[in-house]
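Trainee: need a 3D model of the sequence below.
(one chain, ligands or ions: 1)
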Amino acid sequence: MILHRAHALRTAFLGYPVNELVSHVDAIKEIVEISQLARVNSAITESIAIYPLKQGYFTVSSGSEDSNEYSIDIYYKQSKSCSCQDFLYNIDKDKNHMCKHLWKAHILIILNFLPTVTNDLYEWSLAELNKDIEFLQTYPVSQRRQSCVEQMKIVINQFQKETSESLNYRKYMILRANILSQILNVSD
Ligand SMILES: [Zn+2]
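Mentor: Below is the predicted model of the structure:
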């Protein structure tokens, strides 16, 4: 595990910036052009939450509690694109440059905390939920751990009753991040 799982899910699905992320993108920073560096930095230090929408697509919620939350969709396939203003008006598409949202998705995909474009979203999500239980079971036995495991089992149960067409992945990704955050609060 590259990153602490609960931390990683917070940064992916609740949008918290995570310090550990910084050390994992040094290699990226070394190879990007100067004009892209600021966007890579924003991707790892700003509060940007990304959720799977459908295969190859993500939706992004951004903005702090006090300000306007907005939602944009990103298309993460061969020709990556984002519906944000920066991507539409400023990004050098000929050079395949990316906005901070695409960078955030890119980094989280590399770290295996978002599905790749070839992953079946339903299968990927279900496998992740089961990994969450395995992860929780690495914690010392406690009432809180037991409570988290029970909550996660309920989420898995609900998830399995849905069909892959109608699934709201965002809802489930937030639920699992919230459950794992409960264990973080007592151990970190
Ligand atoms: Zn964008």
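Trainee: mean confidence for stretch 147-155?
Mentor: Stretch 147-155 shows a mean pLDDT of 97 in the predicted model.
Trainee: which parts of it are buried?
Mentor: Of the residues in stretch 147-155, those buried by neighbour count under the rule 16 or more other CB atoms under 10 Å are C148, V149, Q151, M152, V155. (C-beta placed from N, C-alpha, C; glycine too.)
Trainee: as CSV, these with distance to the ion and secondary structure would be great.
Mentor: Rendered in CSV, the data for the buried residues of stretch 147-155 read as follows (distance: CB to the ion, whole Å; DSSP: H, G, I helix; E, B strand; the rest coil):
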residue, distance to the ion, secondary structure
C148, 33, helix
V149, 36, helix
Q151, 33, helix
M152, 31, helix
V155, 29, helix
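Trainee: I'd like the residues you listed as JSON lines, with distance to R39 appended.
Mentor: Shown next, in JSON lines, are these (distance: CB to CB, whole Å):
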{"residue": "C148", "distance to R39": "35"}
{"residue": "V149", "distance to R39": "39"}
{"residue": "Q151", "distance to R39": "36"}
{"residue": "M152", "distance to R39": "34"}
{"residue": "V155", "distance to R39": "33"}
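Trainee: tell me the one among those nearest to Y75.
Mentor: Nearest to Y75, judged by CB to CB, of the buried residues of stretch 147-155 is V155 at 27.8 Å.
Trainee: is it correct that that closest one is in contact with L126?
Mentor: No. The pair formed by V155 and L126 falls short of the contact definition of CB atoms under 8 Å, at 10.6 Å.
Trainee: give me the helices and strands touching the least confident helix or strand in the chain by mean pLDDT, please.
Mentor: Among the helical and strand segments of the chain, the one scoring lowest on mean pLDDT, DSSP states H and E is helix 19-24, with a mean of 72. Judged by 3 or more CB pairs under 8 Å, 6 or more residues apart in numbering; DSSP states H and E, the packing partners of helix 19-24 are helix 34-45.
Trainee: for the following helix or strand past the helix it packs on, buried residues please.
Mentor: Tracing the chain C-terminally past helix 34-45 and defining elements by DSSP states H and E, one meets strand 48-54 next. Of the residues in strand 48-54, I48, A49, I50, Y51, P52, L53 count as buried by neighbour count, 16+ other CB under 10 Å.
Trainee: quick one: contacts for the third one?
Mentor: Spelled out, that is I50. I50 makes contact with A12, F13, F58, T59, V60, I74, H101, K104, A105, L108, L114 under the criterion CB atoms under 8 Å, 6 or more residues apart in numbering.
Trainee: the third one against I74, yeah?
Mentor: Spelled out, that is F58. Yes. Under the contact definition of CB under 8 Å, F58 touches I74, with a separation of 5.0 Å.
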